[in-house]
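Colleague: what follows is a protein structure lacking sequence information:
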């Protein structure tokens, strides 16, 4: 089952149209659906899990209760029925979650769908994702427009009251008439301040190096 792509910081797509989604601060889960078997496979970012798995097993239960019926219904509509399978990506997040760490047994958790990969066709374009799946529960769209430095500064100041930052997604047509998606992320200064307070020097260095490389 395909793992979610790593997303780089902003800096490569200045001036291009984007939708900026609230970047939830949790752990990535993935769920595969096929025409023949429905939702039959699930995993964290790196390992396979099921409803009986320690810790993230509850995330599988939440996802199925929340999304199994509506997603299965959309996947069989005319627009999507020719696609054999989908991998759905969702964030496992609690009120106390931060930096991928959770207080299991002492928090309330949710699972929020944030992207869908179509077999052999790539991710669902951002506007289609909002239009076709937005009513089921997805991260909030906080900005629609072009990627510019004003947006970057607004996110850094946390004008949108975010827990971590935003994921920017856009689509352009190639010369061959095909769609090309582009993604990037922006994080708040508050998030970096909280990261430094953890004292994990390796994590801080890796995150700062990546951020500075793409400014």
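Modeller: Yep, that arrived. Everything numeric in this text was worked out from a predicted model, so none of it was measured.
Colleague: from here on, just use CA atoms for contacts and neighbour counts.
Modeller: Will do.
Colleague: in three-state terms, label residue 18 for me.
Modeller: Secondary structure for residue 18, judged by DSSP: H, G, I helix; E, B strand; the rest coil, is strand.
Colleague: contact partners for the closest residue to it other than its chain neighbours?
Modeller: The shortest distance from residue 18 to any non-neighbouring residue, by CA to CA, 6 or more residues apart in numbering, is to residue 170 (4.4 Å). Contacts for residue 170 (CA atoms under 8 Å, 6 or more residues apart in numbering) come out as 16, 17, 18, 19, 125, 126, 181, 182, 183.
Colleague: now for the residues you listed, which pair is the farthest apart?
Modeller: 16 and 125 (14.6 Å; CA to CA).
Colleague: residue 50: how many residues sit nearby?
Modeller: 18 (other CA atoms under 10 Å).
Colleague: wait, isn't it in contact with residue 57?
Modeller: Yes. With contact defined as CA atoms under 8 Å, residue 50 reaches residue 57; the gap is 5.6 Å.
Colleague: for PyMOL, what selects the buried ones among the contacts of residue 170?
Modeller: Buried residues among those (16 or more other CA atoms under 10 Å), as a PyMOL selection:
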select buried, resi 17+18+19+125+126+182+183
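Colleague: need the contacts of residue 170 in a markdown table with pLDDT and distance to residue 195, can you?
Modeller: Output for those, formatted as a markdown table (pLDDT from 0 to 100; distance: CA to CA, whole Å):
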| residue | pLDDT | distance to residue 195 |
| --- | --- | --- |
| 16 | 94 | 30 |
| 17 | 95 | 30 |
| 18 | 97 | 27 |
| 19 | 98 | 26 |
| 125 | 96 | 31 |
| 126 | 97 | 29 |
| 181 | 95 | 30 |
| 182 | 95 | 27 |
| 183 | 96 | 23 |
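Colleague: now the strands: where do they sit in the chain?
Modeller: Using DSSP state E, the strands found in the chain span residues 17-23, 27-34, 38-44, 48-49, 85-94, 109-118, 122-123, 141-146, 165-173, 179-187.
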